[in-house]
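**Q** Test case, fold it:
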Amino acid sequence: MQIILRNIMEDYVIVILDRILDNLDCCKCEKCRLDIASYALNRLPSKYVATTQGELMTKLCEFDNGFETQVMASLTLAANVIKKNPKHDVTDER
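**A** Now for the predicted structure:
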């Protein structure tokens, strides 16, 4: 079994973003979705773990509610910034 080094914050941010994206007033295309995640990740602490793939989801569940609130706030801020500065033509929005 191979052990990998992962920043599980990446997975956690994507999980939370997918959960709240419909409630954010922004473009939901893949480019904007990834820009929102990138913006938020650059403002959140890294959470590196050495794990096998099977343990990865267990590690994600270890985050507490207070931390989830911090991630949601970062994603909301990111969505507002990306909305004002999209990296695609306005006609590409979905």
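**Q** Thr51: how many residues sit nearby?
**A** Residues within reach of Thr51, counting by other Cβ atoms under 10 Å, total 16. Backbone N, C-alpha and C define where each C-beta goes, glycine included.
**Q** who's in contact with Val81?
**A** Residues in contact with Val81 (Cβ atoms under 8 Å, 6 or more residues apart in numbering) are Tyr39.
**Q** Angles on the backbone of it, please.
**A** Taking degrees, to the nearest 10, you get phi -70, psi -50 for the backbone angles of Val81.
**Q** And it, how far from Glu68?
**A** Here the criterion is Cβ to Cβ, to the nearest Å. By it, Val81 lies 20 Å from Glu68.
**Q** now Asp18
**A** Counting by Cβ to Cβ, the gap from Asp18 to Glu68 is 13 Å.
**Q** Could you check which of those two has the larger neighbour count?
**A** Glu68 (14 against 11).
**Q** Quick one, grab the pLDDT at the residue nearest the centre of the chain.
**A** Nearest to the geometric centre of the chain sits Val13, at 2.6 Å (Cα atoms, centre = their mean). For Val13, the pLDDT comes out at 95.
**Q** so what's it up against?
**A** Ala37, Ala40, Leu41, Leu44, Val71, Ser74, Leu75.
**Q** tell me the secondary structure for it?
**A** State at Val13, reduced to three classes by DSSP: H, G, I helix; E, B strand; the rest coil: helix.
**Q** For it, give its distance to Gln2.
**A** 24 Å.
**Q** Who does whichever strand or helix holds Leu5 pair with, and is each partner parallel or antiparallel?
**A** In this assignment (DSSP states H and E), Leu5 forms part of strand 4-7. Paired neighbours of strand 4-7 in the sheet (DSSP bridges): strand 48-51 (antiparallel).
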